[in-house]
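Colleague: for reference, the sequence and a predicted model appear below.
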Amino acid sequence: MISIFADYAGDVKDSKQRVVVLATLIASDTQIEQINRYCSDLKNKVAGWDVDTSHEQFEFKTYEILQGSGLWRKLGEDKRIKVAKALRRVIWDSGLHFAVVLINKEDGGLRGIDEFDKSVGSMTDQTLATISEEKKHSLESLITKLLEKKGLGPLGNMTGLLFGLTTGLMHEKGLRDSAKLIMDDQFVKQIGAWELIFLIHEISWPLIGKLGLFPHWPKNNQPGWHLGDTLDPIDSRDSYGVQLADFVAYTTRRINEKPSSLADGVSVINEYPVFPVGDYEGIYFVTSFAPRPRRTYPKKTKRRR
């Protein structure tokens with residue numbers, strides 16, 4: 001069984017935050033056992049450093065670790081960096097693959113989101129035009145109900161992009177079985193009608209390649225869909241996998257928003273190229289499948305330290 005852990009960092013509505021990042025981690029059952037063991041050992045270690053690991057609010061929350069806040073406020077910077085590097089090592093040693101969507105508002109990311117939303121709407125309309133009237137009416141009714149009941153948040157279609165990149169990464173790595181999607185419950189609230197995302201992907205997957213979302217794969221050989229049709233919202237405190245997805249998302253956001261921050265020395269994406277998503281302004285992606293890029297986001301990549 002493959003599990004996909006997902007979380008995000010940043011607020012697309014907060015004008016003071018320039019960067020928003022969405023991230024997934026792909027893990028097999030064996031890898032989940034590894035990360036649970038590694039993180040449990042790390043938890044026992046920090047307990048000896050006067051971190052209250054018995055507190056109900058305890059988790060490896062990357063923001064608090066790097067900022068020295070919350071339950072990590074008593075820990076000195078040197079040890080907090082050690083914790084962050086240990087979390088990065090968990091991802092490396094477990095061989096976890098990741099996918100990241102990065103929205104940079106200074107580069108026109110909000111306009112990019114709007115244009116991407118329009119493309120998804122056009123793609124959905126094209127798909128509906130090819131099916132029977134009976135099925136079309138049924139799908140249109142379902143879409144209307146979902147939008148009226150929950151609406152689609154500002155990160156809705158960006159999350160769909162993240163899922164598409166993730167299934168493409170799975171396909172590239174030979175992971176062709178359906179996966180279980182486990183998301184931070186606050187992330188799910190940012191999406192709104194998440195069911196609509198799966199519905200759009202289900203009916204429109206053959207057209208998605210035409211949007212140029214997967215520059216790594218030719219348009220006539222796009223990856224299959226491997227994320228099923230449901231997700232499992234979870235409190236991040238209850239999942240080391242989600243906490244590691246938070247680590248990827250937050251450190252990626254910080255090195256792009258404030259390069260001189262502590263995150264600069266612990267991010268897992270430092271050695272990977274950052275690609276633009278088609279011609280959508282300010283929208284970029286990174287995956288752990290990284291062939292030679294044709295053109296990349298103007299950011300110097302780094303080697304592991």
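Modeller: Now that the structure is in, tell me what you want to look at.
Colleague: can you map out the helices along the stretch 101-250 of the chain?
Modeller: Read by DSSP state H, counting those that start in this stretch, the stretch 101-250 of the chain holds these helices, from start to end of the chain: 109-128, 133-149, 156-172, 185-191, 194-208, 240-257.
Colleague: quick one, strands of the stretch 1-150 of the chain?
Modeller: For the stretch 1-150 of the chain, applying DSSP state E, counting those that start in this stretch gives strands covering 2-9, 19-28, 97-104.
Colleague: from Arg89, how far off is Phe98?
Modeller: 14 Å (Cβ to Cβ, to the nearest Å). Quick note: C-beta positions are derived from backbone N, CA and C, even for glycine.
Colleague: looking at the two, which one has more neighbours?
Modeller: Neighbours per residue, other Cβ atoms under 10 Å: of Phe98 and Arg89, the larger number sits with Phe98, 25 against 14.
Colleague: for the more buried one, give me the pLDDT.
Modeller: Among the per-residue scores, Phe98 holds a pLDDT of 95.
Colleague: quick one, what contacts it?
Modeller: If you count contacts by Cβ atoms under 8 Å, 6 or more residues apart in numbering, Phe98 has them with 23-26, 91, 245, 248, 268-269, 286-288.
Colleague: just Ile32 next, same as before
Modeller: Contacts for Ile32 were tallied using Cβ under 8 Å, 6+ apart; they are 3, 241.
Colleague: picking that back up, which of the contacts of Phe98 lies closest to Asp11?
Modeller: Ala23 (15.4 Å; Cβ to Cβ).
Colleague: re the thing from before, now the helices of the stretch 101-250 of the chain in CSV, with distance to Val46?
Modeller: Compiled in CSV, those are given as follows (distance: least, Cβ to Cβ, whole Å):
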stretch, distance to Val46
helix 109-128, 35
helix 133-149, 42
helix 156-172, 30
helix 185-191, 24
helix 194-208, 34
helix 240-257, 13
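Colleague: winner for burial among those helices?
Modeller: Most buried of those by mean neighbour count (mean count of other Cβ atoms under 10 Å) is helix 240-257; its value is a mean of 26.
Colleague: for it, what is the distance to the chain centroid?
Modeller: Between the centre of helix 240-257 and the centre of its host chain there is 9 Å, according to Cα atoms, centre = their mean, to the nearest Å.
Colleague: among the strands of the stretch 1-150 of the chain, which comes closest to Ser69?
Modeller: Among these, the nearest to Ser69 by Cβ to Cβ is strand 2-9 (15.1 Å).
Colleague: can you pull up the bridge partners for His97?
Modeller: Counting by DSSP bridges, His97 forms beta bridges with Ile26.
Colleague: quick one: it and Gly168 touch, right?
Modeller: No: in this structure His97 lies outside contact range of Gly168 using Cβ atoms under 8 Å: 11.1 Å.
Colleague: which neighbours do the two share?
Modeller: Shared between the contact lists of His97 and Gly168 (criterion: Cβ under 8 Å, 6+ apart) are residues Thr287.
Colleague: chain neighbours aside, what residue packs nearest to Leu196?
Modeller: On the basis of Cβ to Cβ, 6 or more residues apart in numbering, the spatially nearest residue to Leu196 that is not a chain neighbour turns out to be Leu146, at 4.7 Å.
Colleague: Glu195 too?
Modeller: For Glu195, the spatially nearest residue (Cβ to Cβ, 6+ apart) is Leu146, at 5.7 Å.
Colleague: can you pull the contacts of that neighbour?
Modeller: Residues counted as contacts of Leu146 (Cβ under 8 Å, 6+ apart) are 193, 195-196, 199.
Colleague: from those residues, which is closest to Thr127?
Modeller: Closest to Thr127 out of these is Leu199 (10.4 Å), distances taken as Cβ to Cβ.
Colleague: wait, what's in contact with the closest one?
Modeller: Contact partners of Leu199, counting by Cβ under 8 Å, 6+ apart, are 139, 142-143, 146, 229.
Colleague: and the furthest pair within the residues you listed?
Modeller: Taking every pair in the contacts of Leu199 and measuring Cβ to Cβ, the maximum separation is 14.7 Å, between Ile143 and Asp229.
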